[in-house]
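Visitor: model the structure of this input:
(one chain, ligands or ions: 2)
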Amino acid sequence: MANGLDGTPYVELSREQWGALRRNTPLTLTEEELAELRGVDDPIDLAEVTDIYLPLTRLLNLHFTGARQRGAAVSTFLGAGQRPSPYILGIAGSVAVGKSTTARLLHTLLARWPEHPRVDLITTDSFLYPNTVLTERDIMHRKGFPESYDRRALVRFVADVKAGLPEVSAPVYSHLEYDIVPGALQTVRRPDILIVEGLNVLQPAPPTALAVNDYFDFSIYVDAKVEHIRDWYVDRFHKLRRTAFEDPKSYFRHLAELSEEEATTFAKDVWRDINERNLVENIAPTRGRAGLVLHKGPDHSVRRVRLRRI
Ligand SMILES: Nc1ncnc2c1ncn2[C@@H]1O[C@H](COP(=O)(O)OP(=O)(O)O)[C@@H](O)[C@H]1O
Ligand SMILES: CC(C)(COP(=O)(O)O)[C@@H](O)C(=O)NCCC(=O)O
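Guide: Residues are numbered from 1 along each chain as shown. Ligands and ions are numbered 1, 2, ... in the order given. Below you'll find the model as predicted:
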């Protein structure tokens with residue numbers, strides 16, 4: 001382990017070193033609960049929860065307490081008692097890297113701590129422009145790229161939650177319909193913690209504006225080698241063909257009819273032309289901005305952790 005005196009802002013830890021930092025954090029999750037939280041084709045097991053996610057919740061709990069104390073200092077300075085503002089946690093990474101499982105697990109685990117029982121989760125797909133707008137702008141093939149999101153609405157949403165507004169609402173995205181659900185809303189009511197998960201949440205702001213991460217108290221980047229993520233994407237695509245795509249409401253219903261070979265070619269093309277390009281051009285360059293990087297090996301398990309100590 002780096003001793004913190006080597007001049008770099010990061011501490012690199014092996015899985016074993018990180019796992020030891022769990023200390024006495026109890027495992028509060030059952031096998032059945034984990035099955036509910038696991039993403040399509042994600043092999044995560046209770047050993048991963050114990051070795052990776054329990055130390056992580058311990059770190060976040062300590063960090064949450066520190067943020068509350070900092071907020072109280074400003075409140076004392078102003079001489080005005082103000083309610084603590086929600087703690088905002090960002091989670092970034094490629095399509096198919098497993099961000100959603102990380103976000104859902106942290107949602108459940110963090111809510112079991114007495115200091116922060118109220119945890120909400122928002123995914124940035126809620127702020128994708130509806131397909132009608134993407135089509136009008138001729139960017140349907142750019143879904144997931146920064147310009148496919150209403151970034152001002154996303155920043156406004158997080159700023160309003162951070163400011164402590166009693167109720168803040170966001171649209172809802174359906175993976176099944178591959179579009180924003182007309183009229184549906186998700187409402188957040190002054191949580192202790194808001195988790196904001198999405199591909200582009202660590203992107204810097206344009207000049208003279210604020211970015212969503214300007215409101216983050218902490219951020220996590222879920223990382224893996226590009227070729228491993230591609231394999232996971234293709235495997236998940238096959239799994240989805242046998243599950244979600246079979247649903248008559250699925251936008252991808254027609255893809256369930258392809259042969260295995262045609263489906264593999266299709267998934268590899270979408271990966272190469274859309275998701276890998278977005279990863280290389282927009283997402284991976286933001287990794288250095290994260291407070292913590294979880295680096296996964298070929299079997300999806302986290303092998304290394306990098307923590308920013310300053
Ligand atoms: N076409 C699809 N139909 C149904 N669910 C999907 C589809 N594509 C992705 N998902 C699900 O949506 C969630 C987000 O996926 P994604 O953006 O690839 O991020 P990640 O794999 O990092 O969580 C995952 O739970 C995934 O299983
Ligand atoms: C909906 C997504 C853009 C991810 O959204 P996020 O919540 O990460 O902002 C992505 O899962 C997606 O559907 N990408 C389009 C290309 C594809 O279908 O693989």
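
Visitor: from here on, just use CA atoms for contacts and neighbour counts.
Guide: Will do.

Visitor: tell me how many other residues surround the closest residue in space to residue 131 that isn't next to it in sequence.
Guide: Closest residue to residue 131 apart from its sequence neighbours, by C-alpha to C-alpha, 6 or more residues apart in numbering: residue 179 at 5.9 Å. Residues near residue 179, counting by other C-alpha atoms under 10 Å, number 18.

Visitor: how much space separates residue 179 from residue 257?
Guide: 21 Å (C-alpha to C-alpha, to the nearest Å).

Visitor: ok, residue 34 next?
Guide: Following C-alpha to C-alpha, the distance that separates residue 34 from residue 257 is 31 Å.

Visitor: chain center to the longest helix along the chain: distance?
Guide: Among the elements of the chain assigned as helix by DSSP state H, the one spanning the most residues is helix 54-78. Distance, stretch centre to chain centre, for helix 54-78: 21 Å (C-alpha atoms, centre = their mean, to the nearest Å).

Visitor: list the strands paired with the strand ranked longest in the chain, with their directions.
Guide: Taking DSSP state E as the criterion, the chain has its longest strand at strand 179-188. Here strand 179-188 has these sheet partners by DSSP bridges: strand 168-174 (antiparallel).

Visitor: sorry, back to before: quick check: bridge partners of the residue nearest to residue 131?
Guide: Going by DSSP bridges, residue 179 forms beta bridges with residue 174.

Visitor: pull the residues that contact stretch 8-23.
Guide: 1-4, 50-52, 54-56, 58, 302-310 (C-alpha atoms under 8 Å, 6 or more residues apart in numbering).

Visitor: can you turn the buried part of the residues you listed into a PyMOL selection?
Guide: Per 16 or more other C-alpha atoms under 10 Å, the buried members of the contacts of stretch 8-23 correspond to this PyMOL selection:
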select buried, resi 50+51+52+54+55+56+58+302+303+304+305+306+307
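
Visitor: out of the contacts of stretch 8-23, list just those in helices.
Guide: Per DSSP H, the contacts of stretch 8-23 map to helices at 54-56, 58.

Visitor: follow-up on the earlier one: compare residue 34 and residue 257 (neighbour count), which wins?
Guide: Legend: neighbour count by other C-alpha under 10 Å for residue 34 and residue 257, higher for residue 34 (18 against 14).

Visitor: check the gap between that one and ligand 1 for me.
Guide: 14 Å (C-alpha to the nearest ligand atom, to the nearest Å).

Visitor: just after the longest helix of the chain, pick out the following helix or strand.
Guide: Next in sequence after helix 54-78, counting helices and strands by DSSP states H and E, comes strand 87-93.

Visitor: what pLDDT does the model give the nearest residue to residue 139 once chain neighbours are set aside?
Guide: Leaving aside its sequence neighbours, residue 139 sits nearest to residue 148 (C-alpha to C-alpha, 6+ apart; 7.1 Å). Residue 148 carries a pLDDT score of 98 in this model.

Visitor: before we move on, what about residue 1?
Guide: For residue 1, the predicted pLDDT is 52.

Visitor: ok, the residue nearest to residue 131 - contacts?
Guide: 130-131, 173.

Visitor: returning to that earlier point: which residues does the longest helix of the chain contact?
Guide: With C-alpha under 8 Å, 6+ apart, helix 54-78 has contacts from 18-23, 25-27, 81-82, 84-85, 87, 106, 109-110, 113, 115, 217.

Visitor: for the residue in the chain sticking out farthest from the centre, give me the pLDDT.
Guide: In the chain, the residue that sits farthest from the middle, by C-alpha atoms, centre = their mean, is residue 79; the gap is 36.2 Å. For residue 79, the pLDDT comes out at 90.

Visitor: same deal with the one 3 residues further on?
Guide: With respect to pLDDT, residue 82 scores 82.

Visitor: setting aside sequence neighbours, what's the nearest residue to it?
Guide: residue 75 (6.2 Å).

Visitor: could you count how many residues lie near whichever residue of the stretch 1-150 of the chain sits closest to ligand 1?
Guide: With C-alpha to the nearest ligand atom as the measure, residue 96 is the residue of the stretch 1-150 of the chain nearest to ligand 1, at 3.1 Å. Residue 96: 23 surrounding residues under other C-alpha under 10 Å.

Visitor: just residue 158 next, same as before
Guide: Quick note: residue 158 (other C-alpha under 10 Å) scores 24 neighbours.

Visitor: tell me the SS of it?
Guide: helix (DSSP: H, G, I helix; E, B strand; the rest coil).

Visitor: strands - which of the contacts of stretch 8-23 land there?
Guide: 302-308.

Visitor: turn these into TSV, columns for pLDDT.
Guide: Shown next, in TSV, are the ones in strands among the contacts of stretch 8-23 (pLDDT from 0 to 100):
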residue	pLDDT
302	98
303	98
304	98
305	98
306	98
307	98
308	96
